[in-house]
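K.L.:
The following comprises the amino acid sequence and a computationally predicted model.
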Amino acid sequence: MKKIALLFFLLNAMFMMAQREVSGVVKDKTGTPLPGVNVQEKGTKNGVSTDMNGSYKLSVNEGATLIFSYIGYKSVTKLADAAIIDVDLSEEGEQELKEVQIVGSRNSKRTVVNSAVPIDIISVKDVTTQSGKLEINELLQYVAPSFNANKQSGSDGADHVDPASLRGMGPDQTLVLINGKRRHQSSLINLFGTRGRGNTGTDLNAIPASSIKRIEILRDGAAAQYGSDAIAGVINIVTNDNVDEFTGAVTYGAFNTDAKGDFPVGTANTKDYRLDQNGNGNTFGKNKSFDGGSIKIGANYGTAIGSKGGFVNVTGEFLNKEKTLRPGFDFRKGFGEAEIQGVNLFVNLSVPISDRTEFYAFGGSTFRDTDAYAFTRNDGERVVESIYPGGYTPRITSKINDNSIAAGIRTETTGGWKWDLSNTLGKNKFHYDIEGTINASLEENSPTEFDAGGHSLLQNTTNLDVTKNYDDILSGLNIAFGTEFRVEQFEIFAGEEGSYATYDTNGQPITDPTTQSAPIDPISGEARPGGSQGFPGYSPLNEVNKSRTNFSLYTDAELDVTKGWMISGAVRYENYSDFGSTVNGKLASRIELTDNINLRGSVSTGFRAPSLAQIYYNLRFTNFSSAGATEVLLSSNDSPVTKAFGIDNLNEEKAINASLGFTANFGDFTATIDGYLINVKDRIVLTGYFDATQFNLGVDEAQFFVNGVDTKTIGLDVVLAWKKTINENRFSATLVGNINDMKIDKVKNGDLDEQTFFGERDKAFLLASAPPSKFGLNLNYGRKWFDAGLAFTRFSEVKLLDYQMYEDVADYGSFEEQKIAATDTYGAKIVTDLTLGFKLSKSLKLSVGANNLLNIYPDQQDDWVEAGGYWDAVQMGFSGAYYYARLGFTF
């Protein structure tokens with residue numbers, strides 16, 4: 001022990017002798033000190049922020065280089081060859097074409113500090129090196145106040161693509177941009193699970209974290225600026241543009257399997273009863289203390305092109321994550337997170353054509369091979385004993401491809417007009433393979449694997465954006481206008497015949513039910529169902545190839561009436577080829593109350609067009625509930641069956657947004673508090689199951705997409721941050737929080753039964769899109785070669801309704817008593833994350849830590865929940881503690 005202590009003493013002494021202190025003041029071109037400027041030693045995590053007087057003090061290594069950076073200003077690099085280094089920063093756009101574009105404003109002089117709307121700027125490099133989060137959704141869940149995402153289980157495709165939400169809105173009510181350009185959505189539509197039911201969304205996890213410089217989250221309605229989907233806000237992902245630097249990391253981690261619950265004897269997947277992951281569907285393996293083992297390898301490198309600021313930056317990532325298995329009921333022996341194998345590639349480049357013109361391009365390709373368990377088939381007409389004695393658990397193995405490319409030309413005229421012409425093409429393809437399954441109507445002749453088909457979404461967007469800043473009009477005027485033309489195409493493609501067909505006793509597909517019949521199970525006496533168990537394949541009758549176009553015009557302006565008062569406005573016209581036109585507007589303002597406090601607010605209208613998937617998606621599937629298994633038809637919006645139930649054509653969702661808040665900046669301390677109101681009319685939801693036996697469709701029930709509810713959401717976002725360096729000790733503390741209250745104002749069921757159309761259970765799922773409150777406290781400390789981070793996240797109570805809501809009311813005495821019995825209450829929980837970082841050399845850093853250090857789970861439920869386990873996908877999720885180690889490198 002003494003030798004170890006001596007070694008640490010010698011290492012510390014060596015670091016101290018090799019360092020020197022540098023100090024100075026950072027100002028803008030007018031001589032005004034700039035607080036909050038980031039001063040960092042290049043190639044290290046060593047850095048400080050300037051105080052209220054623009055001053056800084058930092059101990060650095062001999063021969064170090066300092067980087068001075070501030071949003072909205074051009075970064076400056078200085079060699080630390082003197083004890084005092086003063087720096088003047090120029091605003092972006094001064095004598096250079098490249099600029100920092102902050103989402104929510106087209107004014108190149110606008111910064112987060114003086115914005116009229118709330119914007120989070122998240123340095124992904126900082127977050128990824130100080131946590132064990134592997135994917136973008138996980139990162140944002142714990143650093144952005146109103147962002148929520150969870151892994152699902154038993155949710156078909158949603159097991160493979162995590163639905164995420166902002167301010168409790170739907171996954172498709174947040175617009176995602178890459179470098180300011182619209183990102184294509186996933187072709188998946190969420191049908192099960194707790195979040196995003198009936199919604200499509202953008203797959204953020206398809207973007208490699210190693211390629212991201214920062215993430216900007218605009219927490220305000222912005223459809224008048226950016227178009228459809230921006231009801232809750234906008235997420236803009238800015239990719240790396242650094243050169244002459246090779247960075248990356250190798251991360252390995254695993255989950256603790258101890259669910260700490262009081263589970264009945266024989267419960268599937270407890271530590272003495274675990275489903276074997278070899279895929280044969282009906283065997284069980286030995287105890288495992290850890291599962292969900294994951295390894296992630298990411299690398300990024302950039303190199304200059306020419307000598308005028310051109311560059312190409314390339315990122316590659318590989319992820320291999322095994323399944324987790326957690327306690328589930330006997331019919332859900334595969335409850336847990338899916339297995340993922342993924343490869344990501346992303347490229348960002350810029351090539352100057354002249355002093356005022358550049359060509360730029362960025363894009364990437366992602367492939368993921370995923371594997372998740374469906375519900376278990378234990379006996380009955382869905383089991384063939386000669387293939388799976390005692391039953392089986394099918395597996396949905398999806399192959400997901402995401403490809404995108406954007407290219408454009410930016411130029412600035414001698415008169416100061418900035419033109420940006422671009423085209424962005426993106427496509428998502430989701431292909432299902434079902435393994436460990438059967439087509440029960442083929443009995444002992446059934447294969448155990450099927451190609452079940454899939455779906456894809458293509459989106460091509462062409463933009464022309466023009467901006468100009470007038471410094472001589474009052475205290476500054478920025479005007480912008482532009483146009484956009486978008487083409488979308490949605491496709492469902494069929495799988496092999498055995499994945500969807502029902503066969504007769506002669507092994508022939510049933511085409512005439514009056515003369516053909518399926519085999520009868522000798523035990524249950526029921527006809528054997530067709531199609532691949534676990535997920536039925538898409539048939540030629542399901543096939544869809546639909547497209548539409550969208551044309552838009554917009555204009556916006558920002559006027560600094562004085563240095564302390566800014567007003568802005570925007571108007572946008574949109575025309576869709578399938579449902580018509582809409583016009584939306586926005587007004588916002590910021591008032592400087594004192595040198596340190598700003599008051600800001602906005603009001604806007606917005607909309608979200610129904611996705612092509614919501615209009616045309618259709619599928620026949622098996623639904624499991626407390627009443628057993630039933631065959632369900634999800635009918636497309638243009639189907640005669642849908643019209644027969646009186647369901648209208650889907651129209652756009654319409655929203656009114658308002659926000660009011662303030663910002664404060666007192667040197668080392670900053671604060672933003674913003675209240676918001678979001679009213680949405682005609683929200684598109686997925687109905688419950690209507691009796692469809694009268695239509696002779698071969699199914700028991702049918703459900704539909706409808707403009708079904710109006711909602712009102714009131715909330716509050718809080719971000720408090722403090723950062724200070726004291727005698728080479730770096731301290732920081734951040735408190736982020738969100739309070740969110742959604743109400744359903746109206747259910748638009750028309751003449752249909754409200755409880756079937758959108759009943760109490762459906763309402764509970766919608767209202768649980770976000771916890772009523774979530775607060776996170778992040779504490780960080782650093783000194784020389786060591787840093788540490790400790791984070792506490794509190795999730796408030798969440799309530800959902802289980803399948804008891806579908807049982808006979810008479811069994812409970814009254815509807816209200818039934819609702820009380822069916823309520824699943826998840827009490828408030830606090831999750832603790834810990835990370836420790838050790839700088840091994842100038843180029844290597846080792847980090848070890850734990851997410852959910854104390855292995856906290858949501859409260860265990862007595863009755864089985866949506867996915868067949870003891871927990872819904874709420875709060876921190878149901879996988880428990882995750883322990884990891886990461887080796888980062890910079891060369």
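P.N.:
Nice, thanks for sending it over. Residues are numbered from 1 along each chain as shown.

K.L.:
Where does pLDDT dip in the protein?
P.N.:
Residue ranges of the chain with pLDDT under 70: 1-19, 30, 45, 52, 71-72, 91-114, 129-130, 193-194, 264-287, 624-629.

K.L.:
ranges for the helices of it?
P.N.:
Here the chain has its helices, by DSSP state H, at 2-17, 124-129, 136-143, 223-226, 612-616, 640-644, 754-758, 760-767, 815-822.

K.L.:
Looking at these, which one is packed in the most?
P.N.:
Compared across those, helix 223-226 shows the largest average neighbour count, a mean of 26 (mean count of other C-beta atoms under 10 Å). Bear in mind the C-beta positions are built from the backbone N, C-alpha and C, glycine included.

K.L.:
Return the list of helices and strands in contact with that one.
P.N.:
Helix 223-226 makes packing contacts with strand 544-562, strand 565-576, strand 580-592, strand 597-608 when contacts are defined by 3 or more C-beta pairs under 8 Å, 6 or more residues apart in numbering; DSSP states H and E.

K.L.:
for the ones you listed, which one sits closest to T642?
P.N.:
Of all the helices and strands packed on helix 223-226, it is strand 544-562 that lies closest to T642, at 14.2 Å by C-beta to C-beta.

K.L.:
Report the inter-axis angle for the closest one versus strand 580-592.
P.N.:
30 degrees (axes from the mean of the first three to the mean of the last three C-alpha atoms, to 10 degrees).

K.L.:
Strand 544-562 packs against which elements?
P.N.:
Going by 3+ C-beta pairs under 8 Å, 6+ apart, strand 544-562 lies up against helix 223-226, strand 477-493, strand 565-576, helix 612-616.

K.L.:
change it to 10 Å
P.N.:
Using 3 or more C-beta pairs under 10 Å, 6 or more residues apart in numbering; DSSP states H and E as the contact test, the elements touching strand 544-562 are helix 223-226, strand 449-470, strand 477-493, strand 565-576, strand 580-592, helix 612-616.

K.L.:
In TSV, list the ones you listed along with distance to G827.
P.N.:
Listed next are the helices and strands packed on strand 544-562 as TSV, based on distance: least, C-beta to C-beta, whole Å:
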stretch	distance to G827
helix 223-226	37
strand 449-470	39
strand 477-493	41
strand 565-576	43
strand 580-592	39
helix 612-616	35
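
K.L.:
Please identify the deepest-packed of these.
P.N.:
Most buried among these, counting by mean count of other C-beta under 10 Å: helix 223-226, with a mean of 26.

K.L.:
quick one: which of the helices and strands packed on helix 223-226 is nearest S69?
P.N.:
strand 597-608 (22.1 Å).

K.L.:
Pairing partners for that closest one, with directions?
P.N.:
Using DSSP bridges, strand 597-608 pairs in its sheet with strand 580-592 (antiparallel), strand 653-666 (antiparallel).

K.L.:
Which one, of the ones you listed, ends up nearest to E444?
P.N.:
Of all the strands paired with strand 597-608, it is strand 653-666 that lies closest to E444, at 49.9 Å by C-beta to C-beta.

K.L.:
picking that back up, looking at the strands paired with strand 597-608, which is nearest to P447?
P.N.:
Of these, the one closest to P447 (C-beta to C-beta) turns out to be strand 653-666, at 42.9 Å.

K.L.:
How far does that closest one sit from its chain's centre?
P.N.:
How far strand 653-666 lies from its chain's middle: 22 Å, per C-alpha atoms, centre = their mean, to the nearest Å.

K.L.:
Check stretch 547-566 too.
P.N.:
26 Å.

K.L.:
Just the buried residues of that stretch, please?
P.N.:
Neighbour counts over stretch 547-566 (16 or more other C-beta atoms under 10 Å) mark 548, 550, 552, 554, 556-560, 566 as buried.

K.L.:
Spell out which two among those are the most distant pair, please.
P.N.:
Taking C-beta to C-beta, no two of the buried residues of stretch 547-566 sit farther apart than R548 and D560, at 39.8 Å.

K.L.:
hang on, the earlier thing: could I get the strands paired with strand 597-608 in TSV, plus columns for distance to V719?
P.N.:
Shown next, in TSV, are the strands paired with strand 597-608 (distance: least, C-beta to C-beta, whole Å):
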stretch	distance to V719
strand 580-592	16
strand 653-666	9
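
K.L.:
Of all these, which one is nearest D203?
P.N.:
Comparison of those against D203 by C-beta to C-beta identifies strand 653-666 as nearest, at 21.0 Å.

K.L.:
Most distant residue from the centre of this structure?
P.N.:
Largest separation from the mean C-alpha position in the chain: T515, at 50.0 Å (C-alpha atoms, centre = their mean).
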